[in-house]
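Asks: got a sequence here, can you build the structure:
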Amino acid sequence: MPLVPMLSRVVLAATLALAAAAHASYGVTPAMPVPNPDAEVATEALRGGDWQRAIDNFQAALRAEPDNAAFHSGLAYAYLRRGSDALAFRHFREALRIDPGLASAHEGIGEAYLAVGDVAKAREHLAVLEQLCPGRSCQAIVDLERAIAAAK
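Replies: Now for the predicted structure:
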């Protein structure tokens with residue numbers, strides 16, 4: 001599943017960015033941050049298709065970092081794969097509220113719209129991805145295009 005490797009990179013990048021921002025305010029060079037172990041387990045569970053384990057661990061990660069857009073996006077993806085569309089939409093929307101430029105969340109919510117038959121809304125998120133990723137530099141564009149084509 002193409003979204004899962006992207007989520008791994010997004011979770012790591014979010015962890016690094018948060019640590020750097022926290023240290024920057026004090027003028028300190030950040031040490032290597034400690035990744036969120038629950039998010040790591042959740043990402044592995046996504047790779048293995050263990051949706052409930054991913055859900056449980058992303059929920060735990062969000063208790064520690066409730067404003068982490070990547071964790072919301074990962075949780076949403078697990079809910080989507082489990083068939084819990086309403087919860088998937090809720091967490092994709094929260095991820096996009098926190099970080100409107102999170103490509104994995106735009107791809108994921110596009111897939112969620114396809115799951116409920118709303119191709120037009122999926123195309124809207126594809127258009128956003130095309131603006132976020134000039135020159136088609138995001139795999140998310142290719143993946144959502146394929147999903148849209150398959151939905152026709």
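Asks: what's around residue 133, how many residues?
Replies: Per other C-beta atoms under 10 Å, the neighbour tally for residue 133 reads 17. C-betas here are computed from N, CA, C, even on glycine.
Asks: leaving out sequence neighbours, find the closest residue to it.
Replies: Leaving aside its sequence neighbours, residue 133 sits nearest to residue 141 (C-beta to C-beta, 6 or more residues apart in numbering; 5.7 Å).
Asks: pLDDT at the nearest residue to residue 49 once chain neighbours are set aside, what is it?
Replies: Leaving aside its sequence neighbours, residue 49 sits nearest to residue 81 (C-beta to C-beta, 6+ apart; 7.5 Å). Looking at residue 81, its pLDDT stands at 97.
Asks: for the protein, which residues score under the pLDDT cut-off?
Replies: 1-34 (pLDDT under 70).
Asks: which residue is nearest the middle of it?
Replies: Most central in the chain under C-alpha atoms, centre = their mean is residue 73, positioned 3.1 Å from the mean C-alpha point.
Asks: please enumerate the helices of the chain.
Replies: Here the chain has its helices, by DSSP state H, at 3-24, 37-48, 51-64, 69-82, 85-98, 103-115, 119-132, 139-151.
Asks: in the third one, what's buried?
Replies: Neighbour counts over helix 51-64 (16 or more other C-beta atoms under 10 Å) mark 51, 53, 54, 55, 56, 57, 58, 60, 61, 62 as buried.
Asks: from residue 76, how far off is the fourth one?
Replies: In this case it means residue 55. Per C-beta to C-beta, to the nearest Å, residue 55 is found 10 Å from residue 76.
Asks: measure residue 98 to residue 65 for me?
Replies: To residue 65, residue 98 is 11 Å away according to C-beta to C-beta.
Asks: over to residue 56?
Replies: According to C-beta to C-beta, residue 56 stands 16 Å off from residue 65.
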